[in-house]
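1. Pasting the sequence and the predicted model now:
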Amino acid sequence: MANEFTFSISTTRFDDGYTPSESSRATTNFANLARGEHRQQNLRNALTMIDRRFNDLADWDNAAGDRYTVELEIVSVELQFTAGGDDQRFPLLEVLDIQIVDRQTGRRHQGIVGNNFSSYVRDYDFSVLLPSLAGGAGAPVVPADFGVLHGKLFQHFLDSDAYRERFPVTPVICISVSTSKTYTRTANTHPVLGVEYRQDDYSLTDAYFARMGLAVRYFMPRGAVAPLAFYFRGDLLTDYSILQLIGTISTMETFQKIYRPEIYNANSAAPAVYRPSLSQDDFSTTGIAYDREERNQLAVRQGRFTEEHFMTPHREVLQQWAADYSSPTR
């Protein structure tokens, strides 16, 4: 039955001329940067920050600090399936693909796909389903099957011909650490990823990504002020080249400096025992406009769109598919 769920992929160049399409998720972080009066300057500044951070980390044979430039593409994934005898389509998720251009040699290097992660079903799970379970009486009781459907859809995408024919390596998703957990520095240090931290307990996001078949490790790269959360399938430290890892770090650290400056643009580095906070005020702003509150509101709106157009009308089909599906890689 898994063969009834297939995928199509489209891409959009993310540069200073990028304009979100009507089909692009409005809560996608990079789409938020591309709106408003200063949209083009926002994009230019963000891309410049990415290039500078990349060259800062890739500093060998790079005396002028300008050898590399990073090119980004938004990868949009659409789910195709049959329900009620008709062909159905639903926009499933968006990630970023990275290309690294060596200006000195002219060579192009394939980076890692994933990085930023945006999903309609995830919006539904976190912004519609969970609040409904709270019922106004405090924290919701997370159901045992929370994230199962989303996780199986994601794993099915990674195992699909559509993914395998286009991307040579498995994805890495890089996001902020959780403000509800404490992270402790370890003695383990990677030459690019930096010093490793470990958390006191898995967050709900960690558990959600585990449903997607992704493990998590936390590293603070050289020159950073807080660890990043890296979600991956396989071996984060051996499956990717040094340049590929730098591409992900430079891209996602830049976005986090814009989105969560209280953590990633703080004026002092994370201590050995670290509890991230969005309420501390000892940080610098990037000057790049980003509306965090608007994004939260849009997540609810798009979660309700998913409920109306995907979860509710196709619930029986989705439940049956999830019950029958098992990833061939597991």
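-> That came through fine. Residues are numbered from 1 along each chain as shown.
2. Please count neighbours and contacts with C-alpha atoms only from this point.
-> OK.
3. looking at this protein, which residue lies furthest from center?
-> For the chain, the residue at maximal distance from the C-alpha centroid (Cα atoms, centre = their mean) is G85, at 34.2 Å.
4. give the contact list for that residue.
-> Counting by Cα atoms under 8 Å, 6 or more residues apart in numbering, G85 touches no other residue.
5. Now do stretch 45-58: everything it contacts.
-> Contacts for stretch 45-58 (Cα under 8 Å, 6+ apart): 15-16, 62, 65-70, 192, 222, 243, 246-247, 249-251, 254-255, 288.
6. For PyMOL, what selects the buried ones among the residues you listed?
-> Applied in PyMOL, the following selects the buried portion of the contacts of stretch 45-58 according to 16 or more other Cα atoms under 10 Å:
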select buried, resi 15+16+65+66+67+68+69+70+192+243+246+247+249+250+251+254+255+288
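7. Where helices are concerned, which of the contacts of stretch 45-58 count?
-> Those of the contacts of stretch 45-58 mapping onto helices are L243, I246, G247, I249, S250, T251, T254, F255, per DSSP state H.
8. quick one: the strands in the chain?
-> 6-14, 68-83, 86-102, 108-110, 114-119, 172-176, 183-190, 194-199, 215-220, 228-232, 273-274 (DSSP state E).
9. could you redo those as TSV and give each row mean pLDDT and distance to S284?
-> Shown next, in TSV, are those (pLDDT from 0 to 100; distance: least, Cα to Cα, whole Å):
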stretch	mean pLDDT	distance to S284
strand 6-14	93	25
strand 68-83	93	24
strand 86-102	92	26
strand 108-110	97	33
strand 114-119	93	23
strand 172-176	97	17
strand 183-190	98	22
strand 194-199	97	22
strand 215-220	98	18
strand 228-232	98	18
strand 273-274	98	19
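10. Quickly note the distance from R103 to R304.
-> From R103 across to R304, the span is 45 Å (Cα to Cα, to the nearest Å).
11. Repeat that for V95.
-> For V95 relative to R304 (Cα to Cα), the value is 21 Å.
12. do the same with D97
-> Note on D97: its distance to R304, by Cα to Cα, is 28 Å.
13. ok, those two, which is more surrounded?
-> Ranked by neighbour count (other Cα atoms under 10 Å), D97 and R304 place D97 first, with 25 against 21.
14. what's the nearest residue to that one if we skip its chain neighbours?
-> V113 (4.2 Å; Cα to Cα, 6 or more residues apart in numbering).
15. Can you name the residues that contact the one you found?
-> For V113, the contact set (Cα under 8 Å, 6+ apart) comprises V95, L96, D97, I98, F167, V169, T170, P171, V172.
16. On the pLDDT front, check Y202 for me.
-> At Y202, the model reports a pLDDT of 90.
17. Report the contact partners of it.
-> Y202 sits next to K181 when contact means Cα under 8 Å, 6+ apart.
18. can you do 10 Å?
-> The contact partners of Y202, by Cα atoms under 10 Å, 6 or more residues apart in numbering, come to S178, S180, K181, T182, Y208, V216.
19. Can you flag the buried ones in these?
-> Buried among the contacts of Y202 (16+ other Cα under 10 Å): S178, T182, Y208, V216.
20. farthest-separated two in those?
-> T182 and Y208 (18.4 Å; Cα to Cα).
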